[in-house]
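**Q** The sequence isn't on hand, but the structure is:
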């Protein structure tokens with residue numbers, strides 16, 4: 001599984017990264033790298049929870065950034 005991350009810059013200068021396939025999974029950062037790292041960590045926590053509750057099959061999972 002691969003999940004795409006969209007990154008946008010807010011008016012205040014912060015960057016927001018969002019995992020498109022997981023509604024509500026977003027994170028802010030002062031830099032692109034910080035926002036991506038935070039949203040990847042959050043997405044992986046959610047995937048781990050879904051695996052524990054057998055909501056997804058245990059496959060090799062990765063979260064990748066797609067620049068837009």
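**A** Thanks, I have the structure now. It should be emphasised that the depicted structure is a prediction, and the values quoted were computed from it without experimental measurement.
**Q** What mean pLDDT does stretch 16-28 get?
**A** Mean per-residue pLDDT for stretch 16-28: 93.
**Q** Residue 38: helix or strand, and which one exactly?
**A** helix 32-52 (DSSP states H and E).
**Q** Name the residues that touch that helix?
**A** With contact meaning CB atoms under 8 Å, 6 or more residues apart in numbering, helix 32-52 is reached by 3, 5, 7, 14-19, 22, 25-29, 56, 58, 61, 63, 65. From N, CA and C alone the C-beta is placed, and that goes for glycine too.
**Q** The residues you listed in strands, which ones?
**A** 3, 5, 7, 15-19, 26-29, 63, 65 (DSSP state E).
**Q** how about a markdown table for the residues you listed, with neighbour count and distance to residue 43 added?
**A** Formatted as a markdown table, the ones in strands among the contacts of helix 32-52 follow (neighbours: other CB atoms under 10 Å; distance: CB to CB, whole Å):
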| residue | neighbour count | distance to residue 43 |
| --- | --- | --- |
| 3 | 20 | 6 |
| 5 | 23 | 8 |
| 7 | 17 | 14 |
| 15 | 19 | 16 |
| 16 | 16 | 14 |
| 17 | 25 | 10 |
| 18 | 19 | 10 |
| 19 | 22 | 5 |
| 26 | 18 | 10 |
| 27 | 20 | 9 |
| 28 | 14 | 15 |
| 29 | 17 | 14 |
| 63 | 21 | 5 |
| 65 | 19 | 11 |
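**Q** With distance to residue 38 added, can I get these in a markdown table?
**A** Conversion of those to a markdown table gives the following (distance: CB to CB, whole Å):
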| residue | distance to residue 38 |
| --- | --- |
| 3 | 14 |
| 5 | 11 |
| 7 | 11 |
| 15 | 10 |
| 16 | 10 |
| 17 | 7 |
| 18 | 11 |
| 19 | 11 |
| 26 | 9 |
| 27 | 4 |
| 28 | 7 |
| 29 | 6 |
| 63 | 11 |
| 65 | 12 |
